[in-house]
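# Sequence first, predicted coordinates after that:
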Amino acid sequence: MDFSIKPIDAKTGLAAVKTGCLAVGVFEDKKLSQAAKELDRHGEISAALKSGDISGKPGTTLLLRGVAGGAAERILLVGLGKSEPLAEKNFASAVQAITRVFATLGATEGAIALPFEEVKSRDAAWSVRAAVLAVRDAAYRFDTTKSQKEPAQSGIRKVTFLASGASAPAARTAAAQAVAIANGMDLTKDLGNLPSNICTPSYLADTARRLAKEFGFGIEVLDRKQLEALKMGSFLSVTKGSEEPPKFIVLKHTGGKTKDAPVVLVGKGITFDTGGISLKPGANMDEMKYDMCGAASVLGTFRAIGELGLKMNVVGVIPTCENMPSGRASKPGDIVTSMSGQTIEILNTDAEGRLILCDALTYAERFKPAAVVDIATLTGACVTALGHHNTGLFTRHDEAHDALANALLAAGKATGDTAWRMPIEDAYQEQLKSNFADMANIGGPPGGSITAACFLERYTRKYTWAHLDIAGTAWKSGAAKGATGRPVPLLTTFLLDCANGKSAAKQAA
Ligand code: BES
Ligand code: MN
Ligand code: ZN
């Protein structure tokens, strides 16, 4: 899918636009949008509304051919709901409806002239970004593991957004960013959707190497021997039961000055989580192939910032392995020593994400980071708390961390990839008490996502840090089962904001 932005010619207007299909909005109260009015010189559009052929309810559509008021071959009317104010949700429904119709047309080029500037509390850049992301999300297919490939996409493949001359430059930047984000999300989805017998730790490492080559990132992949030398006893305890060799991937994007402190992204890369000796129940265990979506979102974000040539330093750190039961696997009660020197009693081998992340978080200290953000499908408890809409966001509660949290929340809001802040308080830390080691790796059922975050917090006291629990947002279950590509939009936008000096995170750092 190809996107471009064209300023509307102030003299000739939309009537002169030649394209296979021109999509314009109509409202529920039988009102035409400004764009629709411009094409209504012969009254065909108002007649269609009057006849009741289209209600104007959000997402309704009516395709007209041979409209004399415009040069386009087809005019697609799309419902936007109530005109004032134009709700975000209704704008999104309209874009989705346009995408559906565009895919079925006998034309290859189309244009969209929605009221991009009029969405409530949003600007044209937001609207264009949302539209590109929606179109690309709808266009995503995963058929690499099917013998019959899906037929190549039909219908419209080149979409032009028609914006006012004033908002065209900002819209152009927004479209380029959205395309990069969508490309990153596609990679994240592909990796998430691939089964664990294909998407192994070595496969993730190869993917990182491929990205490094394409975009000029620095890359290092550490193997078991090097991890032993680093004394990553916690990470290594998780990989013990598996035949697949563990990998520790370090990616470096140096878009800033050499001495600029980087933002470090740390992604959980469990390519399959059986639970280990604390074995998970069988039902839906296949979904644990998604337990590397934190890692996949780091790689997807790197894909996006590489394409955008982000002017900032970013490091990606990915500990990746399988969590398997075997005669050599870790057992409940085992005590391991993490790279930080702190000892951990493994009371449940299924709480493995924190065990691989804690060593990666200690490793991150060497970059003297401006901020560290870890991303993990960490707890089922987070799904219980927040469902599938919001990613769980955890940080300490002080000024620097509030700034980082707010920057991440804002980036999520700007892209519809939202997060919700959860508390980390010392009171919860008590639940991690162990009689035999510095801490246990579980805190019992109450506040399970919070005690998991509290565990990680103990390894992040040397820098500003945030934790994103994406267990509920990284994939969908049920009929639409598959990876979502989240939180690539949140992370990429956060980094763009940092690079633009816009973000509170930059001040915090
Ligand atoms: N990968 C899971 C978390 C998970 C569960 C993600 C469901 C998505 C959906 C994680 O490794 C895990 O097993 N966590 C345990 C922790 C418990 C043993 C304290 C959980 O959530 O049950
Ligand atoms: Mn687990
Ligand atoms: Zn897991």
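Great, that's in hand. Numbering: from 1, shown residues only. Ligands and ions are numbered 1, 2, ... in the order given.
# switch to C-alpha atoms for all contacts and neighbour counts from now on
Noted.
# List of residues touching the helix or strand hosting Ile219?
Ile219 belongs to strand 218-222 when assigned by DSSP states H and E. With contacts defined as C-alpha atoms under 8 Å, 6 or more residues apart in numbering, strand 218-222 is touched by 205, 208-209, 212, 247-253.
# In terms of helices and strands, where is Phe91?
helix 88-102.
# Now do the very next helix or strand once past that helix, average pLDDT.
Next helix or strand after helix 88-102 toward the C-terminus (DSSP H and E): strand 109-113. Here strand 109-113 scores 96 as its mean pLDDT.
# quick one: strand 109-113 to helix 88-102, angle?
160 degrees (axes from the mean of the first three to the mean of the last three C-alpha atoms, to 10 degrees).
# neighbouring contacts of strand 109-113?
The set of residues external to strand 109-113 that reach it, using C-alpha under 8 Å, 6+ apart, is 19-25, 35, 102, 156-163.
# Those residues in strands, which ones?
Within those, residues falling in strands by DSSP state E are 21-25, 158-163.
# In three-state terms, label Thr384 for me.
helix (DSSP: H, G, I helix; E, B strand; the rest coil).
# And the pLDDT at it?
98.
# got the contact list for it?
Thr384 neighbours (C-alpha under 8 Å, 6+ apart): none.
# can you rerun that using 10 Å?
447-449, 471-472 (C-alpha atoms under 10 Å, 6 or more residues apart in numbering).
# State the distance from it to ligand 1.
9 Å (C-alpha to the nearest ligand atom, to the nearest Å).
# Flag every residue of this structure that's near ligand 1.
Counting by C-alpha under 6 Å from any ligand atom, the positions of the chain adjacent to ligand 1 are 275, 291, 348, 350-353, 377-381, 442, 471.
# closest to Gly52 among those?
Nearest to Gly52 among those is Ala471, at 44.8 Å by C-alpha to C-alpha.
# Whichever residue of the chain sits closest to ligand 2: how many residues sit nearby?
Nearest to ligand 2, among the residues of the chain, is Asp350, at 3.6 Å (C-alpha to the ion). If you count neighbours by other C-alpha atoms under 10 Å, Asp350 ends up with 24.
# Equivalent analysis for the one 5 residues further on, please.
By other C-alpha under 10 Å, 26 other residues sit near Leu355.
# now the helices for the stretch 201-350 of the chain?
201-215, 224-229, 233-239, 293-308 (DSSP state H, counting those that start in this stretch).
# Show me the longest helix that occurs in this protein.
helix 168-193 (DSSP state H).
# Now do that one, average pLDDT.
97.
# ok, and for that helix, which residues are buried?
168-172, 174-193 (16 or more other C-alpha atoms under 10 Å).
# how far out from the middle of the chain is whichever strand in the chain runs longest?
Counting by DSSP E, the longest strand found in the chain is strand 313-323. Centroid separation between strand 313-323 and its chain, computed with C-alpha atoms, centre = their mean, to the nearest Å, is 16 Å.
# need the contact list for the residue in the stretch 201-350 of the chain that ligand 1 sits nearest to.
Residue nearest to ligand 1 within the stretch 201-350 of the chain (C-alpha to the nearest ligand atom): Asp350, separated by 4.5 Å. For Asp350, the contacting residues are 238, 273-280, 323-324, 332, 379, 441-442, by C-alpha under 10 Å, 6+ apart.
# Among these, name the buried ones.
238, 273-278, 323-324, 379, 441-442.
# and the helices of the stretch 201-350 of the chain as JSON lines, adding distance to Phe91?
Putting these into JSON lines (distance: least, C-alpha to C-alpha, whole Å) gives the following:
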{"stretch": "helix 201-215", "distance to Phe91": "34"}
{"stretch": "helix 224-229", "distance to Phe91": "50"}
{"stretch": "helix 233-239", "distance to Phe91": "46"}
{"stretch": "helix 293-308", "distance to Phe91": "25"}
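# Just name the most buried of those helices.
helix 293-308 (a mean of 29; mean count of other C-alpha atoms under 10 Å).
# Could you list the domains of the chain?
2-163, 182-508 (automatic domain parsing).
# what are the bridge partners for His253, then?
In this entry, His253 is beta-bridged to Val314, by DSSP bridges.
# so who does it touch?
So His253 contacts 212, 215-219, 262, 302, 305-306, 309-316 (C-alpha under 10 Å, 6+ apart).
# next one: Leu409
By C-alpha under 10 Å, 6+ apart, Leu409 lies in contact with 391, 393, 403, 417-421, 490, 494.
# now it, what's its secondary structure?
Going by three-state DSSP: Leu409 is helix.
# And for the one 4 residues further on?
Look at Lys413: counting by three-state DSSP, its state is helix.
# What score does it have for pLDDT?
So Lys413 comes in at 94 (pLDDT).
# Does it touch Leu490 like I think?
Yes. Judged on C-alpha atoms under 10 Å, Lys413 makes contact with Leu490 at a distance of 8.0 Å.
# Comparing these two, which shows the higher neighbour count?
Between Lys413 and Leu490, Leu490 has the larger neighbour count (other C-alpha under 10 Å), namely 25 against 15.
# Secondary structure element holding the more buried one?
helix 488-499.
# So which elements touch that helix?
In terms of contacts (3 or more C-alpha pairs under 10 Å, 6 or more residues apart in numbering; DSSP states H and E), helix 488-499 is packed against helix 168-193, strand 263-267, helix 293-308, strand 313-323, helix 399-415, helix 504-508.
# Arrange those in CSV, one row each, with distance to ligand 2 as further columns.
CSV is the format used below for the helices and strands packed on helix 488-499 (distance: least, C-alpha to the ion, whole Å):
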stretch, distance to ligand 2
helix 168-193, 16
strand 263-267, 15
helix 293-308, 13
strand 313-323, 8
helix 399-415, 26
helix 504-508, 31
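# Now tabulate the ones you listed in TSV and tack on distance to Ala71.
Converted to TSV, the helices and strands packed on helix 488-499 look like this (distance: least, C-alpha to C-alpha, whole Å):
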stretch	distance to Ala71
helix 168-193	22
strand 263-267	49
helix 293-308	35
strand 313-323	48
helix 399-415	34
helix 504-508	47
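# for the ones you listed, which one sits closest to Thr108?
Between the helices and strands packed on helix 488-499, helix 168-193 lies closest to Thr108; by C-alpha to C-alpha that is 18.9 Å.
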